[in-house]
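Participant: sequence unavailable; structure follows:
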């Protein structure tokens, strides 16, 4: 990632929520497993936040998790830039008022128990206090923020996590806005495993004061954000959302989930954030108009984010499928055609060129089934290169059993020979096999999506993830992800057409 | 698993393919990574097959992988019960004939390069030789068999794997028949990780002599098989398949993939097994008539197999959703309703009962969002029990962050208190939390599908898998799997209705 010398967002009102100078926290103690606030404080400490800038506030305790605790916010030696409130709902108004009196301008109200359980009056009181003291707040009924780019590049090692989930994904260019803490944070374990690199994530809860539109605006201007994931139960400012999304999407792909639209889902949402969910069709058309790629599957959503995060948007929808085993090729071809992609036959010229690099018993066509194939040079470099250079396709899915650590041990234990070249290959993987072909893929805008059926624990697969190269464990998802890329392309093309006609 | 005293399949002609007394192998050597045969022999040895019953045959080598090698099959000291042939296609007929002369009756022909690349004459020659010598063979163009139940219970530790893929899943009651080696074996890594317990798997290739119908018949009679997965590119004996499937499915659920039906898929299949793939609609109606649960997603297929493998078929399609976080509840409710399931509101009586076990800020309804919840006893036992006993639903999905090993370390390092009860909980997991509620679930036929977002590497999640309890890392798949269960139920109900009317 390039360093950002002068962050244009320093003056955005949301900047201190993600990059506070100092934090006070209400509701933390030392009882980790029974208190959410304890977990939240623990995560802030664990992320490397300067300890002398964290101020726990507690009516009884003098020390919390090794930090000096204060009885009241008025006692604090300075005005914290952010207040984090995890208290019973009825005590929140008074505490927020005390924060206002101290001069605090930013708050995250984690506490639930407001309009989502019928306590509408409490909401009104909060709004009044915020108005009186010029406080902006996230929530209530939220988990707050995760920022792996905390004050970057001034601090390179601090990540701020006010949520209770203690796993964190690898830092990347994906930012998430979610009216659900599950989507904003519970996915972190899986993101970490599957290389979905989230740099910033906000759980915004009931959106009483700060909403999706605010954060969409923030992330649209944020140079560390290249892709945005949103989870919506309702949109409070519909027109603003649509207008903003129309401006954002052509620059930064947005992947959206709308969770409402059916009876039980709506009931669930009422009890979750208290929102009145709208009609599914309305949201479908909003997503279509604005170019937001939509899905109702959390897995699709995560993988789409990862796909766009690695950054190659193709020129069209023609797909080449290369495998070292036939069955998955047939299944991918079928799925591709169902999703409206093309899997064109290769030209005679290309077939002739490929012939030299393909085993005798293999059939040269698209899908290309190389059968049992351990010539890694042909598989990873020569064949994809010929296919990219032909100009006959816009994307490649490459399925192969790869990464041979496990085999090498087995072979040694069986007394076998000729494994040395593969030990070298593993070493060379990144520099020889992946980097040059990825450069070509980027230059020609022909994304290559890899599949390795050994799963995400495999050391070679982890190398792919480290290098930000899309890799999958099975063959359903890459076809879906390439389809998502072409949808985005189609949207951009239709925009350009519209602009031309205007 | 119960021991099988007298296996009724001893006399089935396919029995020696999965349980051969002895094997000879053509095409193995010591060059593991460039020769498929070497990998296949290695796997047979590694699975514990008696070494004095494996006979490598090679024109030049005297010893292969530590075993004495023979120049010709005629030299062997005994008649092997199974021949495994991995040679160039043109040499296969002569070798098969020599096998016939020796008296070998069963062969697996791994070699590709027959009708799938236009060599139709070779096929005819093979058929003639098989006819002349009463040989039955699997293939050509296949990987052969995997049998984790090799001669069980006589041998308890041997698993026979003639395929080149060296990972093997945990032994279970799922059997697979696939016209694709990818589906029959490449999935083994993922199956191992996700607890898809396959006991037997056959890659049957071009089906020149033995076909899907033969193995469907075999597995239908096999007491170790409770669920069957099939992957189809064509059906050679359509009528027999349909008639047999109609008899099998009511006893043993069958999950099917049909890979043909689109242009590129058909082209791919031509080059893969040489089959002429049929119309998608025909297969759809075959699957529907026979009650085969069908999908074109490999992931769905694997998870459906796992779901049926754990064995509870519900009484209806009413689903309860319990979570400790709201967003995933809303998404599951939406998906459930899209798939035609019911997510009914709980009765006032049930809500009243639940009230004692649910945090104050939570909304009591279905989906039930418990919010932040570390009372494991309520979560895993009390609440599911009340819901099952109410009779108001037919299945439960329970989402919770569980397994606290990771947290415990973190808390210790933060100097926190009160984690002891959770260390005990981990110990008690299987006996206190899972076993009693699973007994109730089985008795009342209300399957509970668990979701743990920490992923399949989490120690607690692995405990679930060991106990054969369905557990998922995200929330798309459990809703799909419960839907598959209800589809099977609907099919069985429609059959009973039909029988009554007859």
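Facilitator: Perfect, I can see it now. Everything numeric in this text was worked out from a predicted model, so none of it was measured.
Participant: show me what contacts the closest residue to residue A:317 other than its chain neighbours?
Facilitator: Distance criterion C-beta to C-beta, 6 or more residues apart in numbering or on different chains; nearest residue to residue A:317, sequence neighbours excluded, is residue A:486 at 4.2 Å. To be clear about C-beta, it is placed using only N, CA and C from the backbone, and glycine gets the same treatment. By C-beta atoms under 8 Å, 6 or more residues apart in numbering or on different chains, residue A:486 lies in contact with A:314, A:316, A:317, A:341, A:394.
Participant: helix, strand or coil for residue A:486?
Facilitator: Here residue A:486 is recorded as helix under DSSP: H, G, I helix; E, B strand; the rest coil.
Participant: with chain B as the reference, measure out to it.
Facilitator: According to C-beta to the nearest C-beta, to the nearest Å, residue A:486 and chain B sit 16 Å apart.
Participant: swap in residue A:382?
Facilitator: 17 Å.
Participant: tell me the SS of the nearest residue to that residue once chain neighbours are set aside?
Facilitator: Spatial nearest neighbour of residue A:382, chain neighbours left out: residue A:357 (5.0 Å); criterion: C-beta to C-beta, 6+ apart. State at residue A:357, reduced to three classes by three-state DSSP: coil.
Participant: ditto for residue A:464
Facilitator: Recorded secondary structure, residue A:464: helix (three-state DSSP).
Participant: I figured it was touching residue A:451, is that so?
Facilitator: No: in this structure, residue A:464 is not within contact of residue A:451 by C-beta atoms under 8 Å, at 10.3 Å.
Participant: shared neighbours of the two, anything?
Facilitator: By C-beta under 8 Å, 6+ apart, the residues touching both residue A:464 and residue A:451 are residue A:471.
Participant: so where's the stretch 101-250 of chain A uncertain?
Facilitator: Along the stretch 101-250 of chain A, the model assigns pLDDT under 70 to no residue.
Participant: for residue A:362, list the residues it contacts.
Facilitator: A:368, A:369, A:370, A:371, B:117.
Participant: which of these fall within helices?
Facilitator: In this view, these have no member that belongs to helices under DSSP state H.
Participant: top of those by number of neighbours, please.
Facilitator: residue A:369 (29 neighbours; other C-beta atoms under 10 Å in any protein chain shown).
Participant: what bridges to that residue?
Facilitator: residue A:323, residue A:363 (DSSP bridges).
Participant: tell me the secondary structure at residue A:257.
Facilitator: Residue A:257 - assigned by three-state DSSP - is strand.
Participant: who does it form a beta bridge with?
Facilitator: Applying DSSP bridges to residue A:257 gives these bridge partners: residue A:231.
Participant: are we agreed that residue A:408 is in a strand?
Facilitator: No: counting by three-state DSSP, residue A:408 is not found in a strand; it is helix.
Participant: that one - how many residues pack around it?
Facilitator: Using other C-beta under 10 Å, residue A:408 has 18 other residues around it.
Participant: run through chain A and note the low-pLDDT ranges.
Facilitator: Confidence mapping of chain A against pLDDT under 70 gives the ranges A:1-6, A:274-278, A:361, A:373-374, A:403-406, A:409-429.
Participant: domain assignment for it?
Facilitator: A:15-308, A:312-489 (automatic domain parsing).
Participant: helices along the stretch 1-150 of chain A, start to end?
Facilitator: Taking DSSP state H, counting those that start in this stretch, the helices of the stretch 1-150 of chain A run over residues A:15-18, A:36-46, A:92-102, A:120-133.
Participant: kindly reformat these as JSON lines containing distance to residue B:17 and mean neighbour count.
Facilitator: Shown next, in JSON lines, are those (distance: least, C-beta to C-beta, whole Å; neighbours: other C-beta atoms under 10 Å in any protein chain shown):
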{"stretch": "helix A:15-18", "distance to residue B:17": "62", "mean neighbour count": "21"}
{"stretch": "helix A:36-46", "distance to residue B:17": "56", "mean neighbour count": "24"}
{"stretch": "helix A:92-102", "distance to residue B:17": "70", "mean neighbour count": "20"}
{"stretch": "helix A:120-133", "distance to residue B:17": "70", "mean neighbour count": "16"}
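Participant: so which of these is nearest chain B?
Facilitator: Judged by C-beta to the nearest C-beta, the one of the helices of the stretch 1-150 of chain A that comes nearest to chain B is helix A:36-46, at 4.5 Å.
Participant: is the closest one positioned near chain B?
Facilitator: Yes: Helix A:36-46 is in contact with chain B by C-beta under 8 Å from any C-beta of the partner chain, via A:36, A:38, A:42, A:45, A:46.
Participant: surely the second one meets residue A:28?
Facilitator: Yes: at 5.4 Å, residue A:38 and residue A:28 qualify as touching, with contact defined as C-beta under 8 Å.
Participant: overlap in contacts, these two.
Facilitator: Among the neighbours of residue A:38, those also in contact with residue A:28 (C-beta under 8 Å, 6+ apart) are residue A:65.
Participant: tell me who's in contact with residue A:169.
Facilitator: The contact partners of residue A:169, by C-beta under 8 Å, 6+ apart, come to A:148, A:188, A:191, A:192, A:196, A:197, A:198.
Participant: which residue sits closest to the first one, ignoring its sequence neighbours?
Facilitator: Nearest non-adjacent residue to residue A:148, counting by C-beta to C-beta, 6+ apart: residue A:171, 3.8 Å away.
Participant: tell me the secondary structure at the one you found.
Facilitator: From three-state DSSP, the assignment for residue A:171 is coil.
Participant: how many neighbours does it have?
Facilitator: 18.
Participant: wait, what's in contact with it?
Facilitator: If a contact means C-beta under 8 Å, 6+ apart, then residue A:171 has A:148, A:149, A:159, A:197, A:198, A:199 as its contacts.
Participant: in TSV, list those along with distance to residue A:379 and neighbour count.
Facilitator: Listed next are those as TSV, based on distance: C-beta to C-beta, whole Å; neighbours: other C-beta atoms under 10 Å in any protein chain shown:
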residue	distance to residue A:379	neighbour count
A:148	35	21
A:149	37	26
A:159	38	22
A:197	27	21
A:198	32	28
A:199	33	26
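Participant: residue A:235 in helix, strand or coil?
Facilitator: Going by three-state DSSP, the secondary structure assigned to residue A:235 is coil.
Participant: one step back: turn the contacts of residue A:362 into a markdown table, including distance to residue A:263.
Facilitator: Converted to a markdown table, these look like this (distance: C-beta to C-beta, whole Å):
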| residue | distance to residue A:263 |
| --- | --- |
| A:368 | 47 |
| A:369 | 47 |
| A:370 | 50 |
| A:371 | 51 |
| B:117 | 55 |
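Participant: what about the closest residue to chain B within the stretch 151-300 of chain A, how many residues nearby?
Facilitator: The stretch 151-300 of chain A approaches chain B most closely through residue A:180 (2.4 Å), counting by C-beta to the nearest C-beta. Counted with other C-beta under 10 Å, residues neighbouring residue A:180 total 28.
Participant: tell me which element residue A:500 falls in.
Facilitator: Assigned by DSSP states H and E, residue A:500 belongs to helix A:477-501.
Participant: what do you get for residue A:397?
Facilitator: Going by DSSP H and E, residue A:397 is part of strand A:395-399.
Participant: what pairs with that strand, parallel or antiparallel?
Facilitator: Next to strand A:395-399 in the sheet, as set by DSSP bridges, lie strand A:319-323 (parallel), strand A:448-451 (parallel).
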